[in-house]
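Student: Need coordinates for the below:
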Amino acid sequence: MKLLSFSTATLRRHVLPVLLLGAATAAHAQTLPNVGVGTTTPDASALLDVSSTTQGLLLPRLTLAQRTAIGSPATGLLLYQTDGSAPGFYFYDGTAWAALGSSGPGAAGSAGLNALVRTTAEAAGANCATGGTKIETGQDANSNGSLDASEITATRYVCNG
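Tutor: Model prediction:
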């Protein structure tokens, strides 16, 4: 086995430029506007564009204790809770953790009343700095199939950005 040896001049002339080029390329890669996984053309509106027809996206999975131990969670933080009385997806709405969707039947409502959900666009303002969606829920007390203002029992906001 033959050992390679380089003079200091050779290292400066050939190896150092290659190392600097590699460092510059790595630094540039960190400033790209978005990343595609499974696609060479990520959507310009997405920071991360994951594309697949055979696999899904697996988000962080935490226990209830681990979720509640997160200090100062960012608004919009999303995770999957693996245990407790209500496992499922949770997001931080800026003030509290909220369940996203349902992983099973919810608590029983008033007999004979339907649960209703209404979503509307939320303009930029106090509830969402860059706009978003307002989600209102409640029971259809008058059975008219519409969520009236007096029937709204919960309001949440899902904000852009």
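Student: And the strands in the chain, which stretches?
Tutor: All strands of the chain, identified by DSSP state E, fall at 35-37, 48-50, 61-62, 78-81, 88-92, 97-100, 115-122, 132-139, 152-159.
Student: and the nearest residue to residue 148 once chain neighbours are set aside, how many neighbours does it have?
Tutor: For residue 148, ignoring the flanking residues on the chain, the nearest one in space by C-beta to C-beta, 6 or more residues apart in numbering is residue 142 at 6.9 Å. For the C-beta atoms, the positions are set from N, CA and C on the backbone; glycine is no exception. Per other C-beta atoms under 10 Å, the neighbour tally for residue 142 reads 11.
Student: now do residue 64
Tutor: 16.
Student: didn't it look like it was pressed against residue 88?
Tutor: No. In this structure, residue 64 is not within contact of residue 88 by C-beta atoms under 8 Å, at 11.1 Å.
Student: quick one on the thing from earlier: would you mind saying which of the strands of the chain lies nearest residue 146?
Tutor: Of all those, strand 115-122 sits nearest to residue 146, with 7.5 Å by C-beta to C-beta.
Student: so what strands line up beside the closest one?
Tutor: strand 132-139 (antiparallel) (DSSP bridges).
Student: now do the same end-to-end measure for stretch 34-53.
Tutor: With C-alpha to C-alpha, to the nearest Å as the measure, stretch 34-53 spans 21 Å from end to end.
Student: what sits up against that stretch?
Tutor: Applying C-beta atoms under 8 Å, 6 or more residues apart in numbering, the contact partners of stretch 34-53 are 33, 57.
Student: what mean pLDDT would you report for that stretch?
Tutor: Across stretch 34-53, pLDDT averages out at 87.
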